[in-house]
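>>> coords please:
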Amino acid sequence: MPLEEPRWWYDVGGSRLAEKLLGPVSEIYGRVVERRFKAAQPYRSDIPVICVGNFTAGGTGKTPLTRFLVGLLAEQGVEPVCLTRGYGGTLAGPVWVDANTHSAEEVGDEPLLIANTARVVVARDRKAGLKAIADEGRAGAVIMDDGLQNPSLAKAMSIAVVDATRGFGNGRVIPAGPLRARFDFQLGLVDCIVVMGADPPSGPSPIFETLKKRFPGPVLRGAVSPSGDAGWIAGQPVLAYAGIANPGRFFRLVESLGAASIVERAFPDHHAFSEAEAAQLVAEAERTGAQLVTTEKDLARLAGAKGARSRLASLSRTLPIEVRFEERDLVRLRALVDGALKAAPVPSKD
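Below is the predicted model of the structure:
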């Protein structure tokens with residue numbers, strides 16, 4: 001999966017020639033994904049697995065939803081453990097993430113961020129990771145991050161997150177588009193869909209109507225908003241930088257909070273900032289009198305850095321975000337999670 005997605009994936013007037021040329025490769029890619037599911041023998045644990053994933057490559061809001069589910073489960077007296085591949089990290093695992101000792105280079109930025117509020121296991125082999133969690137014996141549920149297209153584990157519930165503005169792009173499969181497999185095939189993998197974020201500037205998101213016509217299950221709406229006081233941004237010149245998928249969503253949020261001016265600096269997803277890049281960002285902020293603002297994920301990747309990167313981290317403020325649901329959708333989500341917790345799969349013998 002590319003770290004920097006082609007712009008024409010989401011551009012209505014995009015490169016039809018590229019789509020056509022890459023079409024045969026997309027067909028092969030999609031078939032491989034589907035064949036993996038047909039051939040798979042999913043491992044079943046007696047711990048319910050709740051999967052949070054997306055239909056497309058790129059950011060949709062999975063991490064905020066994962067953190068929301070952690071809180072939701074805790075409210076019900078259930079101790080969750082998050083299971084993730086640890087994308088961008090060097091450790092294959094299974095390893096229990098320690099936010100005080102591990103670095104983003106070792107375990108990835110998302111696991112390091114989530115580890116501040118929940119226990120996390122990184123494992124390239126998801127089955128081995130789930131067994132490690134079961135052997136430890138404390139978890140009441142497992143939240144599997146970004147595992148929708150992974151058939152190795154049996155899931156009690158699967159949630160797909162869709163960005164309200166970007167939707168499914170051109171509707172083509174990687175590499176001709178952002179979909180990770182045929183859309184109809186992926187719809188059959190999920191129990192619930194959460195449409196995340198604000199409507200596009202052009203008007204109400206058409207995503208709801210599309211999903212209601214093609215998906216028989218619940219389609220919920222999640223709103224992403226700052227967690228805590230964000231009044232410090234109002235009237236402030238801001239230099240916002242982000243090395244995440246879909247950085248535009250972060251920039252729009254910063255802008256909506258009333259910054260006097262905003263300069264945007266976008267980097268590829270999971271970007272490891274160099275000393276030169278860090279020094280340049282610091283120098284630009286000091287020259288313009290702007291406040292450096294970034295995401296929690298980006299700051300996690302700068303944790304423990306030296307030199308210019310350490311200075312960039314110390315001068316940057318983050319904008320923590322959280323997911324909120326209207327009461328009607330929250331009730332439905334709680335009922336779905338409760339049903340997943342009560343599911344009692346027959347554990348595999350191996």
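
>>> Could you give the backbone dihedrals for Pro226?
phi -60, psi 140 (degrees, to the nearest 10).

>>> any idea how far Ile114 is from it?
18 Å (CB to CB, to the nearest Å). (Glycine included, C-beta is placed from N, CA and C.)

>>> The two: which has the busier surroundings?
Ile114 (24 against 16; other CB atoms under 10 Å).

>>> can I assume that one is in contact with Leu65?
No. The pair Ile114 / Leu65 is not scored as a contact, 11.3 Å apart, by CB atoms under 8 Å.

>>> ok, Ala74 - contacts?
Pro80 (CB atoms under 8 Å, 6 or more residues apart in numbering).

>>> What of Leu179?
Counting by CB under 8 Å, 6+ apart, Leu179 touches 30, 55-56, 168-169, 171-173, 186.

>>> Can you give me the neighbour number for Pro206?
13.

>>> what does Ala234 give?
The burial count for Ala234: 10, using other CB under 10 Å.

>>> Buried residues, stretch 172-189. List them.
172-183, 185-187, 189 (16 or more other CB atoms under 10 Å).

>>> quick check, nearest of these to Asp146?
Using CB to CB, Arg180 comes nearest to Asp146 of the buried residues of stretch 172-189, at 10.0 Å.

>>> Correct me if wrong: that closest one contacts Gln149.
Yes. Between Arg180 and Gln149 there is a contact under CB under 8 Å: 5.2 Å.

>>> Now for the two: what residues contact both?
Common neighbours of Arg180 and Gln149 (CB under 8 Å, 6+ apart) are 33, 186.

>>> I'd like the distance between Thr60 and Asn150.
When CB to CB is the yardstick, Thr60 and Asn150 sit 17 Å from each other.

>>> of these two, who's got more company?
Thr60 (27 against 19).

>>> any idea how far that one lies from Lys297?
Distance, Thr60 to Lys297, by CB to CB: 14 Å.

>>> Sketch out the low-pLDDT regions of the stretch 51-200 of the chain for me.
Across the stretch 51-200 of the chain, the ranges flagged by pLDDT under 70 are 198-200.

>>> any idea where the strands of it begin and end?
Taking DSSP state E, counting those that start in this stretch as the test, the strands found in the stretch 51-200 of the chain are 80-84, 95-96, 119-122, 141-145, 157-163, 192-196.

>>> quick one, the fifth one and strand 141-145 angle?
Just to be clear, that refers to strand 157-163. Orientation of strand 157-163 against strand 141-145 (axes from the mean of the first three to the mean of the last three CA atoms, to 10 degrees) gives an angle of 40 degrees.
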